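K.L.:
what shape does this take:
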Amino acid sequence: MAASSYTKNILCIGAGYVGGPTMAMIAARCPQYKVTVVDINAERIAAWQSDKLPIFEPGLLNVVKEARGRNLFFTTEMEQNIHDADIIFVSVNTPTKTFGEGAGKTADLQHWEKTARQILKASESDKIIVEKSTLPVKTAQAMERILNSNDKGIVFDVLSNPEFLAEGTAMADLANPDRVLIGSRTNERGIKARQEVVDIYANWIPRERILTSDVWSSELSKLVANAFLAQRISSINAISALCEKTDADVAEVARAVGRDSRIGPKFLNASVGFGGSCFQKDILNLVYICESYGLTEVADYWENVVKINDYQRRRFVGTIRRVLFNTLVGKRIALFGAAFKADTSDTRESPALYVAEQLLEERAAVVLCDPQALANAKHDLARYAERIEFEPDPYRAAQGAHAIALLTEWSQFKVLDYARIFDSMEKPAFVFDGRNILDHQALYEIGFNVYPIGKPKLSHFA
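P.N.:
Numbering: from 1, shown residues only. Below is the predicted model of the structure:
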């Protein structure tokens, strides 16, 4: 398609876990639009232009290949693409602030503000700006003030279009989402701008799934959605601790509770804890917002969701230490999983890395195994480079190990030859299943001492 025949120029600033997949899907489903993804990281852009993408997501490469070079482009050229764009999605990193007021809780908006000023500098015409990053409520107002304080006569309409993707199923979520949410000002101009973005998604998503709202409700909805999901995980994990004390089975409890139609079964799998870039960051952001409005009790309520998650990870490490005779010095422990969940290479806030660090602090000999996330894990654990082994082969990882701790629910780990693994390990051999995905009885019959989450242990000791 010739450049002159594109009906819209869409730009996304930020080629990360949200921007890249979202723009790939838009380009694939909307060949009439030119879709450009820009990022200052030249290495990342080069990866998007290759068959070795910078992120692992099932189905992503096929979608990228479908549109790349036709109407999907990746570049580091910022200024000209801002100038040419009709609609700009902003998907830059908004990490938790590490300094000053709000450190450890609120979002660090320095990259976001820099991007807003770049947009202002390079623009010569009216544009629609779409917040795709997860941002505190009222951020759109701040962006409007920066952008519309120009003397060029340009008007910017700032919308909120939060992502509700789950890593590992992001492409399926984009192709067939539960809902798409678009928030705007509720005046005539805001509603008109909102419709422009509705029209993009309506190319493949039924209209009844495209929700529209005011911009403030849209911004807050993303934080609240992640808080609710994380709350369910912390709730069942809190109960898992009680189950272990009472010899109850957390899976049976979750099954019974989940059959209540008011509750439902999703996000009731006990585990070593949640991770990823969103849950903890968004909850702490919500906590900070509540605190800033004097809602102390509300802030405390949501902060406890994070505290339970921290407790669950500490409890898991404590179990390993206690069971392995209260010393881990020099003991080889194979960690199966580095990514925060299966089917992704993302290690941000991964419980596996927390466990690895704590075991290293106990002077264990840690070997980390993962089918996709070892490169990111090596980067994240660089300060331990001389003390940790990274091994993609689980059989080699477990050889000579005193224990295996399963930390990511990769399907590959369920079908390993555990009899072969048992024969290669030090005895007594232990399995700590932090995701409850293995056949515990079969492992016990092989000879393992098995310690699940929230279930009775299967031990050969009296």
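K.L.:
residues touching Tyr311, list them.
P.N.:
Going by Cβ atoms under 8 Å, 6 or more residues apart in numbering, Tyr311 touches Ala241. For the C-beta atoms, the positions are set from N, CA and C on the backbone; glycine is no exception.
K.L.:
Three-state assignment for it, please.
P.N.:
helix (DSSP: H, G, I helix; E, B strand; the rest coil).
K.L.:
just the CA atoms of stretch 169-186, as PDB, please.
P.N.:
C-alpha atoms of stretch 169-186 as PDB (Å, rounded to 0.1, in the frame of the first residue of the first chain):
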ATOM      1  CA  THR A 169      -2.000 -14.700  26.300                       C
ATOM      2  CA  ALA A 170      -1.500 -11.100  25.100                       C
ATOM      3  CA  MET A 171      -2.100 -11.800  21.400                       C
ATOM      4  CA  ALA A 172      -5.300 -13.700  22.200                       C
ATOM      5  CA  ASP A 173      -6.400 -10.900  24.500                       C
ATOM      6  CA  LEU A 174      -5.800  -8.400  21.800                       C
ATOM      7  CA  ALA A 175      -7.600 -10.400  19.100                       C
ATOM      8  CA  ASN A 176     -10.600 -11.200  21.300                       C
ATOM      9  CA  PRO A 177     -10.700  -9.000  24.400                       C
ATOM     10  CA  ASP A 178     -13.200  -9.000  27.200                       C
ATOM     11  CA  ARG A 179     -13.400  -5.200  26.700                       C
ATOM     12  CA  VAL A 180     -11.600  -2.200  25.400                       C
ATOM     13  CA  LEU A 181     -11.900   0.900  27.500                       C
ATOM     14  CA  ILE A 182     -11.500   4.400  26.100                       C
ATOM     15  CA  GLY A 183     -11.900   7.500  28.300                       C
ATOM     16  CA  SER A 184     -12.100  11.100  27.200                       C
ATOM     17  CA  ARG A 185     -13.300  14.500  28.200                       C
ATOM     18  CA  THR A 186     -17.100  14.400  28.000                       C
END
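K.L.:
list the buried residues for it?
P.N.:
Residues of stretch 169-186 classed as buried: 170-171, 173-174, 177, 180-185 (neighbour count, 16 or more other Cβ atoms under 10 Å).
K.L.:
do stretch 230-242 as well
P.N.:
So for stretch 230-242, counting by 16+ other Cβ under 10 Å, buried means 230-241.
K.L.:
tabulate these (CSV), appending secondary structure.
P.N.:
Formatted as CSV, the buried residues of stretch 230-242 follow (three-state DSSP):
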residue, secondary structure
Ala230, helix
Gln231, helix
Arg232, helix
Ile233, helix
Ser234, helix
Ser235, helix
Ile236, helix
Asn237, helix
Ala238, helix
Ile239, helix
Ser240, helix
Ala241, helix
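K.L.:
confirm Lys368 sits in a helix?
P.N.:
Slight slip there: residue 368 is Leu, not Lys. No. Using three-state DSSP, the secondary structure at Leu368 is strand, not a helix.
K.L.:
what strand or helix carries Thr115?
P.N.:
helix 110-122 (DSSP states H and E).
K.L.:
from Ser125, how far off is Ile87?
P.N.:
Distance of Ile87 to Ser125, given as Cβ to Cβ, to the nearest Å: 12 Å.
K.L.:
can you list the low-confidence ranges for this structure?
P.N.:
Scanning the chain for pLDDT under 70 picks out 1-4, 95, 134-138, 462.
K.L.:
mind giving me the domain split of it?
P.N.:
Domain assignment for the chain by automatic domain parsing gives 3-205, 217-462.
K.L.:
who's more crowded, Ile87 and Ser125?
P.N.:
The neighbour comparison of Ile87 against Ser125 (other Cβ atoms under 10 Å) goes to Ile87, with 21 against 12.
K.L.:
run a quick neighbour tally on the closest residue to the more buried one other than its chain neighbours.
P.N.:
Spatial nearest neighbour of Ile87, excluding adjacent residues (Cβ to Cβ, 6 or more residues apart in numbering): Ile128 at 4.6 Å. By other Cβ under 10 Å, the residues close to Ile128 number 21.
K.L.:
need the max-distance pair from the buried residues of stretch 169-186.
P.N.:
Met171 and Arg185 (31.6 Å; Cβ to Cβ).
K.L.:
where does the spatially most central residue of the chain land in three-state SS?
P.N.:
Centre of the chain computed as the mean C-alpha position; nearest residue by Cα atoms, centre = their mean is Gly276, 3.7 Å away. Secondary structure state of Gly276, per three-state DSSP, is coil.
K.L.:
hmm, it is touching Thr347, no?
P.N.:
No. If you go by Cβ atoms under 8 Å, Gly276 and Thr347 don't touch, sitting 9.4 Å apart.
K.L.:
which neighbours do those two have in common?
P.N.:
Between them, Gly276 and Thr347 share these contacting residues under Cβ under 8 Å, 6+ apart: Phe340.
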